[in-house]
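*Asks:* Build the 3D model from these lines:
(chains A, B, C and D)
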Number of protein chains: 2
Amino acid sequence: MCTPYHNASCKNCQDRFGSILFKAEKCNLEEIEASKVCTTYKKGQIVFQEGAYPFGIYCVNTGKIKLSHCGDDGREQIVRLAKPGDIIGYKALLSAERYTASAIALDDSSVCFIPKDLFMSILQKDASLSLEMMRILASELRKAELKITHLAQKPVRERLAETLLFIKETYGVEQDGATLNVRLSREEIANLVGTATESAIRLLSEFKKEGLLELQGKKIRLLDLEEITRAANLQD
Amino acid sequence: MCTPYHNASCKNCQDRFGSILFKAEKCNLEEIEASKVCTTYKKGQIVFQEGAYPFGIYCVNTGKIKLSHCGDDGREQIVRLAKPGDIIGYKALLSAERYTASAIALDDSSVCFIPKDLFMSILQKDASLSLEMMRILASELRKAELKITHLAQKPVRERLAETLLFIKETYGVEQDGATLNVRLSREEIANLVGTATESAIRLLSEFKKEGLLELQGKKIRLLDLEEITRAANLQD
DNA sequence: CTCATCAACTGACGCAGATCAGTTTTTCTT
DNA sequence: AAGAAAAACTGATCTGCGTCAGTTGATGAG
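*Replies:* Next comes the predicted model:
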């Protein structure tokens, strides 16, 4: 199923995305490079699962990963979307608890694994890396708190529009400059927004009727970014 | 209004709560102790305000502080409650952005200020402190993501019960062992839960009718913790 | 190709909870 | 102490959106 291999160089990630790990000092990066193990995951496969204990952190090399909580009633809540260069699984590692979210491949993906002991020891001796780590954590926290506020105060329509813009920011668009560069089911979109699948579907076709976007299967073409932004009603 | 003074020793905080700062090496702690400035705030006064640039971090010495976003429509969303020993304002400092939340005293409070440059320079040379900082950030992030899931999936009644338990965990109870040790308005409780003030009021008196708690003005006595926990319907 | 399965969609309905409006109680002011 | 102002409470709507149920369309297996 998952094929492990060593040959994906960190250098690739550095050149392509300037991943966080490149804040590390050179010698430390070399250590990481030497110990990491790359694994490929097919779409839908699990990188790690909620409830398990972390043995290290992961760095996305290619593909797309969703991080989601499973709610008490079994409904999924997607809390993050990761792209190449992003690291995942650090929260559980740093707070020394089990994973509170599962990581699942949205596309065929290749993900590097860095063992816990190595990462933690480097973190202790590499001030530049830890500072960057804190920056990431602080920024994620900021986003999470904003999401809390919107979830508590904004109607579904605005949150859906905001989510579409967020997906665009995260994964970008295809060559046509408008089609979201990721295939999400309507249910996944709903779980990102925090609403029922049917509501997401209804509002998407409402947006379509209003000419804000085009839908063909899972492809979503954002036609009128300005109007979508207005529909999101963002102040900040 | 706010009286600055130097005489609150960090040692006090250490003995009383084991604040994060005591993960710092001794010499660094002494440096902090030498440069910090304590200020007292009367109930309702602002420690720092959303939108402003941070000049340092704060460590709560005595009292209680709420951290809240102001939503687009002006509605407040409380994202954190801080107690003595807690540090606040680190998120903006670490991500090098403006404050995304305001900090307001819920009680007369005394708060120490540690200048940005000092804190950041110590953070860079003190691995133990930065690791603890990351631990805090990771743990806050975990809580925030859980809140997102609950906000998206749980009814108000369950979230209110959960919030009451959260307040108890944070600020504890008075000598009677049951009365929440903080005075929050119904509106503040609602803004913590993420609901309308009227709904919070209604559900509180519903809880009262069911014998889960007692209400006298702003005092809330939790009578039946087991039932409240059940009402919160927590899986995890 | 045909059937089976699952996702996408549509409509109807019901209700949790927001909003509005009005009353009572508490708190603050002078 | 009396009056004003704010908070707490209560009741009466109203509606956003979740739920349910059924149809259509897409995808994949044999």
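
*Asks:* hey, where'd the helices end up in chain A?
*Replies:* Using DSSP state H, the helices of chain A run over A:10-17, A:26-35, A:90-95, A:116-125, A:127-153, A:156-171, A:186-193, A:197-209, A:225-232.

*Asks:* Go through the ones you listed and name the closest to B:Ser199.
*Replies:* Across the helices of chain A, B:Ser199 has its closest neighbour in helix A:127-153 (12.0 Å, CB to CB). No exception for glycine: its C-beta is placed from N, CA and C like everyone else's.

*Asks:* got a list of what the residue nearest the centre of chain A touches?
*Replies:* Nearest to the geometric centre of chain A sits A:Leu81, at 1.7 Å (CA atoms, centre = their mean). With contact set as CB atoms under 8 Å, 6 or more residues apart in numbering or on different chains, A:Leu81 has these partners: A:Lys64, A:Ile65, A:Lys66, A:Leu67, A:Leu106, A:Phe166, A:Ile167, A:Thr170, A:Tyr171, A:Val182, A:Leu192.

*Asks:* was I right about the second one contacting A:Asp108?
*Replies:* No. Distance between A:Ile65 and A:Asp108: 11.2 Å, which falls outside the contact criterion (CB atoms under 8 Å).

*Asks:* Settle it for me: which of the two has more neighbours?
*Replies:* When A:Ile65 and A:Asp108 are compared on other CB atoms under 10 Å in any protein chain shown, the one with more neighbours turns out to be A:Ile65, at 24 against 14.

*Asks:* DNA strand D contacts on chain A?
*Replies:* Residues of chain A found near DNA strand D (CB under 7 Å from any atom of the strand) are A:Pro155, A:Val156, A:Arg157, A:Thr195, A:Ala196, A:Glu198, A:Ser199, A:Gly217.

*Asks:* among those, which ones are buried?
*Replies:* Buried by 16 or more other CB atoms under 10 Å in any protein chain shown: A:Val156, A:Arg157, A:Thr195, out of those.

*Asks:* so which of the residues you listed also contact DNA strand C?
*Replies:* Of these, not one also sits near DNA strand C (CB under 7 Å from any atom of the strand).

*Asks:* got CSV for those, with pLDDT too?
*Replies:* Putting these into CSV (pLDDT from 0 to 100) gives the following:
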residue, pLDDT
A:Val156, 98
A:Arg157, 98
A:Thr195, 98
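
*Asks:* circling back to that earlier point, show me the two of the contacts of A:Leu81 that sit farthest apart.
*Replies:* A:Ile65 and A:Phe166, at 15.4 Å, using CB to CB across the contacts of A:Leu81.

*Asks:* Spell out which residues of chain A are next to DNA strand C.
*Replies:* Residues of chain A lying near DNA strand C (CB under 7 Å from any atom of the strand): A:Ser185, A:Arg186, A:Glu187, A:Thr197, A:Glu198, A:Ile201, A:Arg202, A:Leu204, A:Ser205, A:Leu215, A:Gly217, A:Lys218.

*Asks:* Now the first one. Nearest residue, chain neighbours left out?
*Replies:* Okay, so that is A:Ser185. Of all residues not flanking A:Ser185 in the chain, A:Lys218 sits nearest, at 6.9 Å (CB to CB, 6 or more residues apart in numbering or on different chains).

*Asks:* Out of the residues of chain A next to DNA strand D, which is nearest to A:Asp224?
*Replies:* Distance to A:Asp224 across the residues of chain A next to DNA strand D (CB to CB) is lowest for A:Arg157, with 15.0 Å.

*Asks:* and the residue lying closest to the closest one once chain neighbours are set aside, what is it in contact with?
*Replies:* In space, and not counting its chain neighbours, A:Arg157 is closest to A:Leu203: 5.5 Å by CB to CB, 6+ apart. For A:Leu203, the contacting residues are A:Val156, A:Arg157, A:Leu160, by CB under 8 Å, 6+ apart.

*Asks:* now swap in A:Gln153 and tell me
*Replies:* Going by CB under 8 Å, 6+ apart, A:Gln153 touches B:Gly71, B:Asp72, B:Asp73, B:Arg75, B:Gln77, B:Gly194.

*Asks:* re the thing from before, please identify which of the contacts of A:Leu203 is nearest to A:Glu227.
*Replies:* Proximity of the contacts of A:Leu203 to A:Glu227, judged by CB to CB, is greatest for A:Arg157, which lies at 12.3 Å.

*Asks:* so how far is chain B from the closest one?
*Replies:* Distance, A:Arg157 to chain B, using CB to the nearest CB, to the nearest Å: 14 Å.

*Asks:* That residue touches A:Arg230, doesn't it?
*Replies:* No. A:Arg157 sits out of contact with A:Arg230 when judged by CB under 8 Å, with a separation of 11.3 Å.

*Asks:* Number of residues surrounding A:Glu30?
*Replies:* As a burial measure, A:Glu30 scores 12 neighbours (other CB under 10 Å).

*Asks:* related to what we said a few turns ago, out of the contacts of A:Gln153, what pair is the most spread apart?
*Replies:* Across those (CB to CB), the longest gap, 14.6 Å, separates B:Asp72 and B:Gly194.
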